[in-house]
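# could you look at this predicted model? Sequence included:
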Amino acid sequence: MAASKIQALWNHPAGPKTIHFWAPTFKWGISIANIADFSKPPEKISYPQQAAVTCTGVIWSRYSTVITPKNWNLFSVNVAMAGTGLYQLSRKIRQDYFSGEEKEPLKE
Amino acid sequence: MAAFRSFWNSPMGPKTTHFWGPVANWGFVISGLADTQKPPELISGNMTSVMCIYSVLCMRFAWMIRPRNYLLLVCHASNESVQLFQLSRWAKAHGNFFTADLVGNEREGTKL
């Protein structure tokens, strides 16, 4: 019984033998890479890259709920991307604009 | 004018997700290009290598979905090039990473 269910999943047209499965699944790698980079100093964060990650995450989260069928896997991976991107941006902004005041004069 | 109108109303046009999804992904290409001007010490090895694998997968995905999404394909082909370039810059800056022996001491003069 269980074997045939697993077989059905395995042979699904959007299943693990297809790119329709692996491309969205691998997208989690972007969020995982970001989480690994949480421990890096904020000087190494790239504003353009994290802005791109955040915007992609937000736009694709929205669109994964308006396509047919709704793709919750795609939705969740893009929510995670937007979240990690926002956090990295906040770390860098905090360092560039809020914690430098005690040590150096304000940059104009 | 007629060409613009047919683009505007197309099932893959700016009123649809088939358009804006790929457009959002061009952000990676643009940010990658901007980052080529920065020193390689600022490159994230994690993110860049993930991007390299991710863009290959997305090129295949864009080709296999129906309708075929050429905009997405070109976007990820470009991103693949930019990210591979960034990865090469990162690898050069970290050249000694590959020549460190088990004890953690780096050998001299054997950069890749």
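Structure received. Numbering: from 1, shown residues only, chains lettered A, B, ... in the order given.
# quick one: distance of stretch B:37-57 to the chain centre.
Relative to its chain's centre, stretch B:37-57 lies at 7 Å (C-alpha atoms, centre = their mean, to the nearest Å).
# can you list the weak-confidence ranges in the chain?
I went with chain A, as the question did not name one. Across chain A, the ranges flagged by pLDDT under 70 are A:100-108.
# that was the other one, I meant chain B.
Checking chain B against pLDDT under 70 turns up B:96-112.
# where is the longest helix in it?
helix B:70-93 (DSSP state H).
# elements contacting that helix?
For helix B:70-93, the contact count by 3 or more C-beta pairs under 8 Å, 6 or more residues apart in numbering or on different chains; DSSP states H and E identifies helix B:17-35, helix B:45-64 as packing neighbours. Bear in mind the C-beta positions are built from the backbone N, C-alpha and C, glycine included.
# and the last one with helix B:17-35, angle?
Just to be clear, that refers to helix B:45-64. 150 degrees (axes from the mean of the first three to the mean of the last three C-alpha atoms, to 10 degrees).
# please see if helix B:45-64 touches chain A.
Yes - contact between helix B:45-64 and chain A, assessed by C-beta under 8 Å from any C-beta of the partner chain, occurs at B:46, B:47, B:49, B:50, B:51, B:53, B:54, B:57, B:58, B:60, B:61, B:64.
# report the buried members of those residues.
B:46, B:47, B:49, B:50, B:51, B:54, B:57, B:58, B:60, B:61 (16 or more other C-beta atoms under 10 Å in any protein chain shown).
# ok, residue B:71 - how many residues close by?
17 (other C-beta atoms under 10 Å in any protein chain shown).
# residue contacts, it?
Contacts for residue B:71 (C-beta atoms under 8 Å, 6 or more residues apart in numbering or on different chains) come out as B:12, B:19, B:22, B:23.
# which of these are buried? Put it as a PyMOL command.
Selection of buried members from the contacts of residue B:71 for PyMOL, criterion 16+ other C-beta under 10 Å:
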select buried, chain B and resi 12+19+22
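# also near chain A: which of the contacts of residue B:71, exactly?
Of the contacts of residue B:71, not one also sits near chain A (C-beta under 8 Å from any C-beta).
# which bits of chain A sit near chain B?
A:18-20, A:22-23, A:26-27, A:29-30, A:32-34, A:36-37, A:40, A:43-44, A:46, A:48-49, A:51-53, A:55-56, A:59-60, A:63, A:66-67.
# just the buried members of those residues?
Applying 16+ other C-beta under 10 Å to the residues of chain A next to chain B flags A:19-20, A:22-23, A:26-27, A:29-30, A:33-34, A:37, A:46, A:48-49, A:51-53, A:55-56, A:59-60, A:63 as buried.
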